[in-house]
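Turn this into a model:
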Amino acid sequence: MELTLWTYEGPPHVGAMRIAASMEGVHYVLHAPQGDTYADLLFTMIERRDRRPPVTYTTFQARDLGGDTAELVKRSIADAVERFAPEALLVGESCTAELIQDQPGALAAGMGFGDLPIVNLELPAYSKKENWGAAETFYQLVRSLLKPQLPPPGTPKPDPSRWRAEGRRPRVNLLGPSLLGFRCRDDVREITQLLGGYGIDVAVVAPLGARPADLRRIPSADANVNLYPELAGTLCSWLERQFGMPCTSTVPIGIGATVAFLRELHGLLGLELPPDLEAGADGVCPAERRSRLPWYSRSVDSTYLTGKRVFIFGDATHAIAAARIASRELGFQVVGLGSYSRELAREVRAAAQELGLEALISDDYLAVEAAIAEAAPELVLGTQMERHSAKRLGIPCAVISTPLHVQDVPARYAPQMGWEGANVIFDAWVHPLMMGLEEHLIGMFRHDFEFVDGHRSHLGDGAPTLTSAQPAELAWSRDGEAELAKIPFFVRGKVRRNTEAFARERGLALIDSEALYEAKAHFSR
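Just a heads-up that it's a prediction; the model follows:
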């Protein structure tokens, strides 16, 4: 057993809570001890919600374990149904309550609530985590509500282009956005507007903002858009098998992926590809010019960014998308790629292999920090945990994925998907690097009266440096450290390690400014 301070994902019942809190008319009864109500803070604090999640806890205590905790479960369920009058009821247990084996779902099913849909969530708390719990809850809820609509075996699959014969516009479902996801609210708005511009309507968005009645309308759409595979992948596969509903495989994050997504969806729906999605003589389709990112990537100013070393870590969806944008659209060099999403590890490994890398699949933030230090990148794209690690290492960082902090849930419109999402990504990634350039210029003109200490930026020499283990006989002189401090912070760690390696090769015990200059000349050849 390993003790850790932070974790990328909570237990699966937190994932179930995300689904319940994302929807309207759904209530979740959670058999859990006192203390598990901490999860409420995730929504009221991070998501800035004005109400607590629709969850009733049994909150049993130690003294209750000597009595009949099953009666406590039944009483909590009855109170929740009477008080909240839900349109669908989720019933589950936390990791601690799982050991008691009260089976709250079975108890709820036998309480005679008539037509109220009751979903018994059996989420293995000791082998699965939050995203899996959210995906399983979403799948089980939709499956339960659509059970009466299941087509008989042998029924022909519906034609995705039937919209033409029915004299209407094609329509799709957007599946997967939820609370505590990364910019889901804005992604839904951006993709809805994007599809509307191509004559495609959105029938259902779920789970975010949906009611149980909306979930029953899912089969009325012609296709499903799998916006977030971590949450909607299982459901989309089931809908394709049972209802014959085709599903997109491309997540529209980045210019290239947005174009590919639109082309894929037009193909699924039998829509003629519009001229603005056709590639021109320069290989660029007119639609791409709606974003500022391609323009900047082809401009003279972008040469500063070319070849920048970047380390990427996050959930699978955003990490894979970030690697594609960094390598293909911004000209960065991806020196590390990984994810904590074990369910999608195969996809992450495939993306890493295309870049000549070995993917890091881990839920240990300290292992990720060690990998970042080893790769010595100039920019980190990760979660809030990588932001903390990058601060310690003195490397710029942009958050691209959950887990996140309240500062990553902006009040402004800031999608990740579609054309505007590409603009937001560009700003979020490039600005930390530009701050590095500012530090470099300040260092160059440090003797100018305008660049005295009072005018230094917040990064300055106070940023922590990337350090490496040093043998006892190797030391830095005062003038060597002073010269090292003049080097821009985002490459200072790499210079330190290269200089130490140079010193060891030549048997130097003390690294002074002269040794630093010699090492710089050596590695510049």
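
So, low pLDDT: which residues of this protein?
Residues of the chain that meet the criterion pLDDT under 70 lie in 1-5, 35, 37, 60-68, 96-102, 282-283, 290-304, 434-473, 488-490, 524-525.

Could you find the residue nearest the spatial middle of it?
A centroid search over the chain (CA atoms, centre = their mean) returns Ser401, at 3.0 Å, as the residue closest to the centre.

Surely it is in a helix?
No: looking at Ser401 with DSSP: H, G, I helix; E, B strand; the rest coil, it is coil, so not inside a helix.

Okay, helices next: where are they in the stretch 251-400 of the chain?
Using DSSP state H, counting those that start in this stretch, the helices of the stretch 251-400 of the chain run over residues 255-269, 292-297, 316-324, 345-354, 365-375, 384-393.

who does the strand or helix carrying Val91 pair up with?
For Val91, the element it lies in under DSSP states H and E is strand 88-93. Strand 88-93 has these partner strands in its sheet, going by DSSP bridges: strand 26-31 (parallel), strand 118-120 (parallel).

which residues are contacting the first one?
The reference is to strand 26-31. The contact list for strand 26-31, computed with CB atoms under 8 Å, 6 or more residues apart in numbering, reads 13, 16-17, 19-20, 36, 53-58, 60, 69, 73, 76-77, 80-81, 84, 86-94, 97, 100, 102, 104, 108, 141, 211-212. Every C-beta, even on glycine, is put in place using the N, C-alpha and C of the backbone.

Now do the contacts for the nearest residue to Ile487 once chain neighbours are set aside.
In space, and not counting its chain neighbours, Ile487 is closest to Val495: 5.3 Å by CB to CB, 6 or more residues apart in numbering. Contacts of Val495 were listed using CB under 8 Å, 6+ apart, and they are Leu484, Ile487, Leu516, Ala519, Lys520.

what kind of secondary structure is the last one in?
Okay, so that is Lys520. Secondary structure, three-state DSSP: Lys520 is helix.

Quick check: the gap between it and Ile487.
The gap separating Lys520 from Ile487 is 9 Å, by CB to CB, to the nearest Å.

Endpoint to endpoint, stretch 386-401 covers what distance?
Stretch 386-401 has an end-to-end distance of 10 Å (CA to CA, to the nearest Å).

what's the answer for stretch 372-390, then?
Start and end residues of stretch 372-390 are separated by 8 Å (CA to CA).

in it, what counts as buried?
Of all the residues in stretch 372-390, those buried under the rule 16 or more other CB atoms under 10 Å are 372-373, 375-390.

roughly how far is that stretch from the heart of the chain?
Computed by CA atoms, centre = their mean, to the nearest Å, the separation of stretch 372-390 from the middle of its chain amounts to 15 Å.

before we move on, the earlier item: mind checking which of the contacts of Val495 are buried?
Leu484, Ile487, Leu516, Ala519.

Closest one of these to Gly197?
When the buried ones among the contacts of Val495 are ranked by distance to Gly197 (CB to CB), Ile487 comes first, at 48.1 Å.

ok, now how distant is that closest one from His522?
Ile487 is 16 Å from His522, where distance means CB to CB.

before we move on, back to that, for Arg346, state which of the contacts of Val495 is nearest.
Nearest to Arg346 among the contacts of Val495, counting by CB to CB, is Ile487 at 40.2 Å.

Check for me that the closest one belongs to a helix.
No: with three-state DSSP as the criterion, Ile487 is located in coil rather than a helix.

measure it to Leu516 for me?
Distance, Ile487 to Leu516, by CB to CB: 9 Å.

hey, what's the closest residue to the residue nearest to the centre of the chain other than its chain neighbours bridged with?
Nearest in space to Ser401, with sequence neighbours left out and distances taken as CB to CB, 6+ apart, is Gly314 at 2.8 Å. Following DSSP bridges, Gly314 is listed with bridge partners Ser339.

Name all residues that make contact with Gly314.
Residues in contact with Gly314 (CB under 8 Å, 6+ apart) are Ala322, Ser339, Tyr340, Leu381, Gly382, Thr383, Glu386, Ile400, Ser401, Thr402.

Correct me if wrong: the last one contacts Arg183.
Going back to what we said before, that points to Thr402. No: with contact defined as CB atoms under 8 Å, Thr402 does not reach Arg183; the gap is 9.8 Å.

For Asn173, pull up the helix or strand it's in.
Here Asn173 is covered by strand 171-175, with elements defined by DSSP H and E.

Please name the nearest non-neighbouring residue to Gln416.
Arg183 (4.9 Å).

Please name the residues that touch the one you found.
Applying CB under 8 Å, 6+ apart to Arg183 gives the contacts Ala414, Pro415, Gln416, Gly421.

Could you list every helix and strand in contact with the helix or strand containing Glu71?
Using DSSP H and E, Glu71 sits within helix 69-84. Helices and strands touching helix 69-84, by 3 or more CB pairs under 8 Å, 6 or more residues apart in numbering; DSSP states H and E, are strand 26-31, strand 55-57, strand 88-93, helix 104-109.

Point out the most buried one among these.
Of all the helices and strands packed on helix 69-84, strand 26-31 carries the top mean neighbour count, a mean of 27, counting by mean count of other CB atoms under 10 Å.

and that one with helix 69-84, angle?
Here strand 26-31 points in a direction 160 degrees away from that of helix 69-84 (axes from the mean of the first three to the mean of the last three CA atoms, to 10 degrees).

and the next element down the chain from strand 26-31?
Following strand 26-31 in sequence, per DSSP H and E, is helix 40-41.

just so I have it, where are all the strands in this protein?
For the chain, the strands defined by DSSP state E occupy 26-31, 55-57, 88-93, 118-120, 171-175, 201-206, 223-226, 309-314, 333-339, 360-361, 379-382, 397-399, 475-476, 510-511.

Out of those, which gets nearest to Glu190?
Closest among those, using CB to CB: strand 171-175, at 10.7 Å.

Touching the closest one from outside, list them.
Here strand 171-175 has contacts from 163, 188, 191-192, 195, 200-206, 218, 220-228, 231-232, 235-236, 265, 269, using CB under 8 Å, 6+ apart.

Next: stretch 207-221.
Stretch 207-221 is contacted from outside by 19, 22-26, 87-88, 117, 138, 141-142, 145-146, 149, 171-173, 177-179, 181, 184-185, 188, 203-204, 206, 224, 231, 239, 243, 245, using CB under 8 Å, 6+ apart.

let's see 7 Å
Contacts to stretch 207-221, defined as CB atoms under 7 Å, 6 or more residues apart in numbering, come from residues 19, 22-26, 87-88, 117, 138, 141-142, 145-146, 149, 171-173, 177-179, 184, 188, 203-204, 206, 239, 243, 245.

Check the residues you listed for burial and list the buried ones.
Among the contacts of stretch 207-221, those buried by neighbour count (16+ other CB under 10 Å) are 19, 22-23, 26, 87-88, 117, 138, 141-142, 145-146, 171-173, 177-179, 184, 188, 203-204, 206, 239, 243, 245.

now the helix holding Glu71: how far from the chain's centre is it?
Chain-centre distance of helix 69-84: 35 Å, with CA atoms, centre = their mean.

Can you give me the buried ones in it?
Buried positions in helix 69-84, judged by neighbour count with 16+ other CB under 10 Å: Thr69, Ala70, Leu72, Val73, Lys74, Ser76, Ile77, Ala80, Val81.

on that earlier part again, for the contacts of Gly314, which one is nearest Tyr126?
Tyr126 has its nearest neighbour among these in Tyr340, at 17.2 Å by CB to CB.

So what's the residue count around the closest residue to that closest one other than its chain neighbours?
Beyond its immediate neighbours in the sequence, the residue positioned closest to Tyr340 (CB to CB, 6+ apart) is Tyr8, lying 4.0 Å away. Tyr8 sits with 25 neighbouring residues when counted by other CB atoms under 10 Å.

quick one on the thing from earlier: the strand holding Asn173 pairs with which strands?
Within its sheet, and counting by DSSP bridges, strand 171-175 is paired with strand 201-206 (parallel), strand 223-226 (parallel).

of all those, which lies closest to Leu42?
Evaluated over the strands paired with strand 171-175, closeness to Leu42 peaks at strand 201-206, with 20.3 Å, by CB to CB.
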